[in-house]
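> have a look at this prediction, sequence included:
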Amino acid sequence: MNKPYPKLRTPKKRFAAAGLLVVLLLAACAETVPTHTPEATLTGPTLEPSATFVPSARSDRAPEPIYQGQNNPTAAALAPGAAMPPLEIGQPPSGSPGRTVEITAEDGTLLIGELYVNTDVLAPGVLLLADEGAAWGDFPTRLYAAGFTVLVMNPRPTAAMSDFRVMLQTLINGVADPARLGVIGAGGGANVALRGCAADLLCDAVGLLSPVPEAALVDVMPRINPRPMLLTASQEDSETFTLLQSLQAAATGEVLFQPFNRAGAGTGLLQNRPDLGDLIASWLKLVLV
């Protein structure tokens, strides 16, 4: 007996079966329960803000002062590292040509001095260095009357060389002729004057009034030469007098050596020998041409 052939499914029935399978799969996916923990690969950032806000510590201190000159056109025009012009901070005594000024040292310290400015012409400049500025007496005024712009300063022992550089630059910014600068030192200021001029070619001439005896000063003479020098001391101040003789022997430029007898030391020489002031002024006019 012949068996009947099995019935073949038509294409329409096959497509209907496939469609039913897809619907069942989608329904299974829709019933999937989402996880309670967000997954980094499928969700956005999960960081939450801090529950407690901690403000920054409050300070009752006054704000730091803004240093004068930061927004000053004159300061902005200066070359890097240049000294600011001297700032006038006080009224001079009646009839005095001097002005009390303030300059800023390299470490930020404010230094006080006296400035005598000749404004008619670009006058030669003279820096006076001593332990006490007032010890010069009327000598700065006499130099001013002789046609010089004068800056009187007291160098600090702990920063003498850096102070010297700033003082010399300040003298230029105080309207002195940068091509004609002399430095006169008395006592410890004479030591600073000699060492400073040896290190700075802006110094054209140096005068020493009774420097403190220091043998090492002779060693700086090769860096001073051949610039002109003025040396003076009392002969009874034997150690200083011997030092000046050694400096004179080591000099290759013009040297004016003026000895005195029982005339004191340092700026005291100017008080005991008023003619010394005229001698220094005449010498400066000769060498600062």
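Thanks, I have the structure now.
> in the stretch 101-250 of the chain, which spans are strands?
In the stretch 101-250 of the chain, the strands defined using DSSP state E, counting those that start in this stretch lie at 110-116, 124-129, 149-153, 177-186, 205-209, 229-234.
> where does pLDDT dip in the chain?
Within the chain, the set of residues satisfying pLDDT under 70 comprises 1-87, 89-95, 174.
> excluding its backbone neighbours, what's nearest L279?
Nearest-residue entry for L279: Q258, 6.4 Å, with adjacent residues in sequence omitted and distances by C-beta to C-beta, 6 or more residues apart in numbering. No exception for glycine: its C-beta is placed from N, CA and C like everyone else's.
> meant to ask about T242
P213 (7.8 Å).
> can you tell me how far that neighbour is from L122?
With distances defined as C-beta to C-beta, to the nearest Å, the gap from P213 to L122 amounts to 38 Å.
> again, but for G108
In this structure, G108 lies at 30 Å from L122, with C-beta to C-beta as the measure.
> higher neighbour count, these two?
Per other C-beta atoms under 10 Å, whichever of G108 and L122 has more neighbours is L122, with 14 against 7.
> is it true that that one touches F148?
No - here L122 lies out of contact with F148, judged by C-beta atoms under 8 Å, at a distance of 11.6 Å.
> quick one on the thing from earlier: the residue nearest to L279 belongs to a strand?
Yes - checked against DSSP: H, G, I helix; E, B strand; the rest coil, Q258 lies within a strand.
> isn't it up against L230?
Yes - because the distance of 7.3 Å satisfies C-beta under 8 Å, Q258 is recorded as touching L230.
> between these two, which one's more packed in?
More crowded of Q258 and L230, by other C-beta under 10 Å: L230, with 22 against 19.
> which non-adjacent residue is nearest that one?
L230 sits nearest to G207 (C-beta to C-beta, 6+ apart), 3.7 Å away.
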